[in-house]
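J.: 3D, please:
(chains A and B)
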There are 2 protein chains.
Amino acid sequence: MCEANAYLKEGEDEILFMEAVDIIEPFEDGLKLVDIFGKQKFLRARIMDMTLLNHRILLEHVPIPAEAAHASSHS
Amino acid sequence: MCEANAYLKEGEDEILFMEAVDIIEPFEDGLKLVDIFGKQKFLRARIMDMTLLNHRILLEHVPIPAEAAHASSHS
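T.: Numbers count the residues shown, from 1 in each chain, chains lettered A, B, ... in the order given. Okay, here's the model as predicted:
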């Protein structure tokens, strides 16, 4: 099967975020990932790179825009 | 094999941009795509969504920032 494992970049490390990913779609200001069993995960991230023959997708966090971070710290 | 075909969104259409894509990496303000034979293509685009079990990746153009467009029209 041609699903892939999605890893999340955490500093110098790459943490396995989801296995057997089939679908990745934009969702709000991040991504929705769906695995081959239909399980869904959401993440404020973007695709950094991918190597399909190695079944690897690397994601990186999307920084929260300054004004959103400022607003949430004062609510 | 688990490569995928990369399509480019052109209005309502989806145009086949590259077959048998193995690697997609960020490159300058767009993407570098490498197929299973090592052939490379570059495109000012981002990944819109993907369905790996269908071997489909959909790309969309990245708009040229206003000041870049303005500068190039006056050079």
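J.: Please count neighbours and contacts with C-alpha atoms only from this point.
T.: Will do.
J.: give the contact list for A:His55.
T.: Counting by Cα atoms under 8 Å, 6 or more residues apart in numbering or on different chains, A:His55 touches A:2-5, B:2.
J.: Now render these as JSON lines, adding secondary structure.
T.: Listed next are the contacts of A:His55 as JSON lines, based on DSSP: H, G, I helix; E, B strand; the rest coil:
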{"residue": "A:Cys2", "secondary structure": "coil"}
{"residue": "A:Glu3", "secondary structure": "coil"}
{"residue": "A:Ala4", "secondary structure": "strand"}
{"residue": "A:Asn5", "secondary structure": "strand"}
{"residue": "B:Cys2", "secondary structure": "coil"}
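J.: In those, find the pair that's most separated.
T.: The most widely separated members of the contacts of A:His55, counting by Cα to Cα, are A:Asn5 and B:Cys2 (12.7 Å).
J.: which of the contacts of A:His55 tops the neighbour count?
T.: For the contacts of A:His55, the largest number of neighbours (other Cα atoms under 10 Å in any protein chain shown) sits with A:Ala4, at 25 neighbours.
J.: where's that one relative to chain B, distance?
T.: The gap separating A:Ala4 from chain B is 8 Å, by Cα to the nearest Cα, to the nearest Å.
J.: so what's that residue up against?
T.: Taking Cα under 8 Å, 6+ apart, one finds A:19-22, A:52, A:54-57, B:52 in contact with A:Ala4.
J.: Are any of those residues buried, and if so which?
T.: Neighbour-count burial (16 or more other Cα atoms under 10 Å in any protein chain shown) is assigned, among these, to A:19-22, A:52, A:55-57, B:52.
J.: Could you list the paired strands of the longest strand seen in chain A along with their orientation?
T.: Scanning chain A for the strand with the most residues, using DSSP state E, yields strand A:13-27. According to DSSP bridges, strand A:13-27 forms sheet pairs with strand A:4-10 (antiparallel), strand A:30-35 (antiparallel), strand B:45-51 (antiparallel).
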